[in-house]
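> Need a 3D model of the following:
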Amino acid sequence: MKSVALAALAAVSAILSAATPAGAQDIFPGLAMARVCLPYASRAKSFESAIRAARDMEFRRPVGDNAPLDDWASEVEMVSKDGRWRLRIEEGTVTEGDADVYSVTCGVWSNQASARQLAQVAGLIVRGNPLWSQPPGDPWRWDRHTVHPDEVALRIDVSERSGHPPVLAARGSYY
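Presented below is the predicted three-dimensional model:
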């Protein structure tokens, strides 16, 4: 978990020092990934602490609503202060192949960000880190090498669904 935190800090540093003409909004999804999504997907943050980290970045549910979540909540969608970005934090059991897997996912998206832009942010997050690699033929997915791949898998990907904006997500699967 410590290496994920170090990778997240390195990602923020890389994003902040990237040679792109950037306003604060251009680095915002990278900061959300580093502060909220990667620590949550790696289980360094709990569901509740990921929500607190998102609120620290001024995400709200909906804008201005600070009401507590129900005790049984397993997903929450939040909106940035300016309304441009959305963040979804969720956990639960999903079926992969013929097995049920506990999965935690945190994704960030905007109607104004393309899949290519989000993939560039993901590339900056993992750039130069030997613990991350891309599967052949999948330019929008990065897998983290783990000590126990039969117990845990961590990845970052950009996904697109018809009719929805692309999503940059960190996903942790626990077998």
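> the bottom helix or strand of this protein by mean pLDDT?
Lowest mean confidence among the helices and strands of the chain (mean pLDDT, DSSP states H and E): helix 2-17, at a mean of 46.
> So which residues of this protein form strands?
Assigned strands in the chain, in chain order: 75-79, 85-96, 99-110, 132-133, 141-144, 152-159, 167-174 (criterion: DSSP state E).
> What's the separation between the residue of the chain positioned farthest from its centre and Leu124?
Residue farthest from the centre of the chain, counting by Cα atoms, centre = their mean, is Asp98 at 25.8 Å. Between Asp98 and Leu124 the computed distance is 36 Å (Cβ to Cβ, to the nearest Å). C-beta: built from backbone N, CA, C; applies to glycine.
> Okay, the closest residue to Arg43 other than its chain neighbours and Val79: tell me how far apart.
Distances taken as Cβ to Cβ, 6 or more residues apart in numbering place Gly172 nearest to Arg43, at 6.4 Å, with adjacent residues excluded. Distance, Gly172 to Val79, by Cβ to Cβ: 24 Å.
> wait, what's in contact with the residue lying closest to Met78 once chain neighbours are set aside?
Spatial nearest neighbour of Met78, chain neighbours left out: Phe59 (3.8 Å); criterion: Cβ to Cβ, 6+ apart. Taking Cβ atoms under 8 Å, 6 or more residues apart in numbering, we find Phe59 in contact with 32, 78-81, 85, 87.
> Where does the prediction get shaky in the chain?
1-26, 62-73 (pLDDT under 70).
> let's see it at 50
Along the chain, segments meeting pLDDT under 50 span 5-6, 8-24.
> what about Ser162, how many neighbours?
Using other Cβ atoms under 10 Å, Ser162 is surrounded by 4 other residues.
> go on, Lys45?
Counted with other Cβ under 10 Å, residues neighbouring Lys45 total 23.
> Could you report the separation of the closest residue to it other than its chain neighbours from Gly128?
Counting by Cβ to Cβ, 6+ apart, Pro39 is the residue found nearest to Lys45 once chain neighbours are left out, at 4.2 Å. With the distance defined as Cβ to Cβ, Pro39 ends up 20 Å from Gly128.
> How many neighbouring residues does the spatially closest residue to Trp85 that is not a sequence neighbour have?
In space, and not counting its chain neighbours, Trp85 is closest to Ser110: 5.0 Å by Cβ to Cβ, 6+ apart. The number of residues packed near Ser110 is 20, by other Cβ under 10 Å.
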